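> kindly generate the corresponding structure for this input.
(2 chains)
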Amino acid sequence: MLEVSSADTLCRWMGYAKAGSVRETTLHVLGLSVGAIKMSPFEVINERSTKIMVSVECLKAGQKACTADKNGNIGTGNKGNNNFGDYNDGNNNIGNSNMGDLNWGYNNKGTNLRCNNAIGTRKVLNMCSLKELGKSCSVSTVRPFGAFSPHQAGTRRPAHTAARVLCTATPPVNRGGGRPEPSRPTTATSAVAGYAKGISLSPSLASQQLDDEDGEYSLNAPPRKTKTVCTIGPTSCDREAFFRLADSGMNVVRLNMSHGDHASHQQVIDLVREYNAMGRRNLAIMLDTKGPEVRSGDVTQPLELRAGETVTFTIVAGADGTNNRIGVNYDGFIDDVELGDILLVDGGIMSAVVRSKTDTDVVTEIVDGGSMKSRRHLNIRGKSANLPAITDRDWADIRFGLEQGVDYYALSFVRTADVIYELKDWLARAGATGTSAIGVLAKIESADSVANLDAILDAVDGAMVARGDLGAELPVEEVPYWQSKIVRGCRKRGKPVIVATNMLESMIKCPTPTRAEVSDIAIAVREGADAVMLSGETAHGSFPFKSLDVMAMVARRTERAMLSYEGARRYGSEESDAIDWIMPPSRSMNSLSDVGISEMFAYHAVTMANTIRTSLVVFSRKGHMPALLSHYRPDYPIYCFTENEAVQRRMALLHGVTAIYTRFSEKAAVTFDAAIEELKQRGYVKGGQLVAIVQSGRQPIWRSSSTHSIAVRAVPRDVVPDDSDEEEEEKAKAKAAKVGRAGVTPAILT
Amino acid sequence: MPPHLDTVSISLHPARVFASSNTKGNGRKPRKAGSSSVAVADVATPLTTSRTPEIEVDSVLEQELSSNGFRSTRRTKLIATIGPACESKEMLDAMASNGMNVARLNMSHGSHAWHAEIISHIRALNKEKGYSVAIMMDTQGSEVHIMEMAAPLKAETGQELVFTVRDPAASLGDDAAIAVSYDAFAEDVQVGDEIVIDGGMVSLEVEGKAGPDVYCRVVDPGLVLSRANLTFRRGGRPVRAKNAMLPVLSAKDWVDVDFAVQQGVDFIAVSFVKSADVINNLKSYIQSRSARDIDVIAKVESPDSIPNLAEIVDAADGVMVARGDLGAQIRLEDVPSVQKEVVLRCRQAGKPVIVASHLLQSMHELPTPTRAEVSDIADVVRQRADALMLSGESAAGLFPQKALEVLRIVAARIEGWCREEGSGAIALPRIAGSLDARIGEEVCASAASMADNLGAAAIFVFTRRGVNASWLSRYRPDCPIFAFTDSQEVRQRLNLRWGVIPFLVRFEDDPETNVTRTFELLKRRNLVAAKDLVVVVSDIQRTSQQHRSVQVRHVS
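This is a model prediction of the structure:
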């Protein structure tokens, strides 16, 4: 038996390392027996030809191949007989955590279900809605390859088994000129094994979700629209953990340049490329600069400081904690500090009041004691350090980001708008403009930045409410106020905004959040932030997946509650202003390329989509139109098809936008059909459902420059016969309505 | 100088009386410092005078008022749970002067003797220093939970833990045995059940049972804390077997209720309320046993209470959203919306509503709150709940005073923001039944809207039972509500109400005298100044005939 260290190496070894290649092979060609692989639930790749894609994960080096136990189960925690997978409660299941018999997939409840269900792992990979659980639902006729038949479990798997193996590998990264168009699957294929194991709070909590899919939106509940940003660190940078996070709903990958080196960040970027190349979901990369921080120097051993003790901070080199003398890395510290100032360590964990100062030393008296370790973060309450906004180190990181093709920079300790313009100019000179531009987000975290808030927000492409330092430089009770101001400021301008820091702090150590944290996420969602962020929770916490799960779940529930109670939020709510024009439409709009036209279309398209409760579909080259649609916060998702991968990735941060890569065909109609088919394949839309398609934006793709349009189209119904009763019924209904393949229903054409 | 100056006696902080005697006769005092503003007090009167003091002002509020002016006083009330971290009289004094409006006694911990001592301390402080700190007794309830543990237990994946219904003292001699409060636990659970501690903090699978002991294996690692909530699930659903039939008020709770009645507390909070029945039952029991009014607060923390919210709010005198246990029993992510709904219902019904648990969890160990916690408190304040409550943070945390301070400062800051933006307004239906009550409702509604429109400095309300003050609080006016009452009990109960600053005064027969005299008394303490615009609501009887009035007056 062949032992390989990972599926990745296997693929490379087999010579499949071409970018994004999809290959099929049979196992015996690989020299593998089924016992050597672990099968994960399959995906239907092409329902008409009834092929299935079985994904395999090779065993890690040293692991033993599994054989069926005495009950015929292969896997762990199975309670019935002849199951293939883990934690199945019934018999003859393929997959994990099925309750019932003859299920193929994850978390199915009932018998003979043939889908991967969203519950528990919250990954909607297929077309089952929550309501359909418990019934027999089937996406298409799927026939397993003989050897995988559950009935044969119980014997060692035959050695020569045919299965299709999907291999993916890192595409070459090459931002600057002459970039080859990567070959990549344009259909939704999901074939990464083993990452998708259920990580809900607990299975039972997840199952309760069935109880009260509330009210009028119950049959067609929109998926989560608020995005999640996850900081990648030691607990999440290996391939398995990273993919699991990505599969669990991470949208933006944050690289924190305060930690790690370029090599380690490079690895994460490679993982993002690899993941994106699979076409499952779409991740953006955000590079977060370290910024000019004031830090204390090294101490030989942690100082245990009590209230009332005297500590001297000095800019003279060589202080190592002896006699309570601690170094500071910033010479201007002495000039910034005044008598009576409050000095905060790590955002307030410890604090001290300044009693006296000399040319080199600041003598302080401890107010809140604690353990003073090396290189702690220092703030003076109410003051911002007089440091260059982008340090030399930051410039090196920014260059690294440009070479690697990151999608967003989050600039730390922005104090004025000038620095934003400086960075943007630099980027423009470096060629990162147009569709390959890199978004510049300002982190609002200093006392100065809130004073210049409007100017900064005018300059940036988006902002982050970095509450950690904000709450240290300003009194902590000011943070909710400024959070609201910043979120509103960004939304008014149609720019993305992220709420960050301390969102699930307690989950760094504990598997459950405090109620305050749950409520905090709900507030950020109700304020209408584009994204909420996890920092230490995913970077070095003990429960990275649970944290992401809680965050995604709370966001989704809160969005649902907003639908039920507040209807279309265009009219605002307690936490958010009414949505207004970014640029009020001019009465004298002369040209159809006027930007006001696009916004007007966005506004009306959202109204239409909300009215008929459906998703929006938009085709975009530059990402302009999806951003406008997102500004109006439709109730249902915006599916943005784009030819440009950089644009696709950037869309990952925008509220409610799911960007899908596609090649635009010569003809609009063909592209539309393909797009709708694609959405259907992915389970985003159902047969018979209506979708609103918007064609606008400043540069026409297919339409002649003099037209803009919104169209409502029906998604073609499934035509594959099936043995289940519901399917028959539906078919009968469809026949009765004489809808075989609904044509274009024009709604508004201009 | 008013002629009756010599009869004035004001209950004061001794130090302040001392300070004031030095400044006596300085003419017009600056309006700022509380310490210099009481010069005209009759310092010769003993503090524990047998006469009813003319006016009793909370020195904390007095200080807040005179340093910040009317508008910026805090409206949201603060409840602190008393425990080992703050049990001394000095600490209680510090808590009260730091903003504690209500002291909560958790009957899950401590003996009756201990609680009686705390109550006597608070009483003494109220008397000595003019505080109006109310006392809330919180019943233990009989929901399934883990019994007291000496230290938190770290549960690692795969570890075996034993839950037992034995008396822990007579247990297996095994360190890993955890006592469970519910006697039928070993009968109810089945092998294969999932046991969830604190709503997901730790989950375990039942592997076997042996007599009173249940053997489990840890599936999800975490910390098992003392008295943590415990639920068990079968096939993914919570088991509501015999445990659904547990009494809301257990035998121990009734003993505690008797103790509370005997001690004369102001509020009794009932844990794990499921329906209105138990509230009504308890209220009639209190009525028959107690010489004084005790308000019954229903704690919303059981999933069974959610469908019955309307009747519970209707029956109870107030409601507490106990988010800790609630989040363990329903889906965590639903807690914010349940909280929102309870606050809304209570505000509409004019009942005080308390948001409790996990407000400042991180301050158990750290002197600074996480940003999420600040944001959460801000949200509660924006919803305009009546009160915020500290649990473990004040009872057993390292920084009880700091935690209280954070609540106080965040509340005051966010209230200012709410007024600036006019947020948190809700539609208030007419709820009064009888004509008499409707008159009260209308009078207070008009007074509140008048005060807002005129930008009044304060609303003065003269109230014997606290009814009008409660009506006014329901409208959440922009200015503080000065409630004057002649009963210390009413004063303490009003201390839970949003925006109400309760004063104790002696009522005269003539309402006009009452008004002018309170002006005079407050003016002397520099709490109001001449020409301040106030709205006065009064229905204190002049002999037999009752006039209800709203007046707009300048302080004369």
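> pull the number of nearby residues for the single nearest residue of the stretch 301-450 of chain A relative to chain B.
Per C-beta to the nearest C-beta, residue A:348 is where the stretch 301-450 of chain A lies closest to chain B, at 3.4 Å. C-betas here are computed from N, CA, C, even on glycine. By other C-beta atoms under 10 Å in any protein chain shown, 19 other residues sit near residue A:348.
> name the element it belongs to?
Counting by DSSP states H and E, no helix or strand carries residue A:348.
> can you give me the neighbour number for the nearest residue to it once chain neighbours are set aside?
Residue nearest to residue A:348 in three dimensions, not counting chain neighbours: residue B:368, with 3.4 Å by C-beta to C-beta, 6 or more residues apart in numbering or on different chains. Look at residue B:368: counted by other C-beta under 10 Å, it has 24 neighbours.
> mind checking the SS state of residue B:368?
coil (DSSP: H, G, I helix; E, B strand; the rest coil).
> contact partners for it?
A:347-349, A:368, A:476, B:362 (C-beta atoms under 8 Å, 6 or more residues apart in numbering or on different chains).
> and residue A:91, by the same measure?
A:80-83, A:101-102, A:150.
> got a list of what the residue nearest to it when sequence neighbours are not counted touches?
Closest residue in space to residue A:91, ignoring its immediate chain neighbours: residue A:80 at 4.1 Å, by C-beta to C-beta, 6+ apart. Listed by C-beta under 8 Å, 6+ apart, the contact set of residue A:80 reads A:71, A:73, A:88-93, A:101.
> and these, which are buried?
A:73, A:88-93, A:101 (16 or more other C-beta atoms under 10 Å in any protein chain shown).
> can you show me the helices along the stretch 501-650 of chain A?
Remark: helices assigned in the stretch 501-650 of chain A by DSSP state H, counting those that start in this stretch are A:515-527, A:536-539, A:544-566, A:595-611, A:624-631, A:645-650.
> just these: most buried one?
Among the helices of the stretch 501-650 of chain A, helix A:515-527 has the highest mean neighbour count (mean count of other C-beta atoms under 10 Å in any protein chain shown), at a mean of 28.
> residue ranges in chain A under the pLDDT threshold?
Along chain A, segments meeting pLDDT under 70 span A:1-68, A:103-219, A:564-574, A:586-587, A:589-590, A:592-593, A:697-700, A:703-707, A:719-750.
> can you give the domain ranges for it?
The record's domain parsing of chain A by automatic domain parsing lists A:2-168, A:227-291+A:388-562, A:303-380, A:594-742.
> select, out of those, the one closest to residue B:151.
The closest of the domains of chain A to residue B:151 is domain A:227-291+A:388-562. By C-beta to C-beta, the value is 16.2 Å.
> got phi/psi on the closest residue to residue B:387 other than its chain neighbours?
Spatial nearest neighbour of residue B:387, chain neighbours left out: residue B:77 (4.0 Å); criterion: C-beta to C-beta, 6+ apart. Dihedral pair for residue B:77: phi -90, psi 160, per degrees, to the nearest 10.
> again with the one 4 residues further on
Recorded main-chain torsions at residue B:81 are phi -80, psi 130, according to degrees, to the nearest 10.
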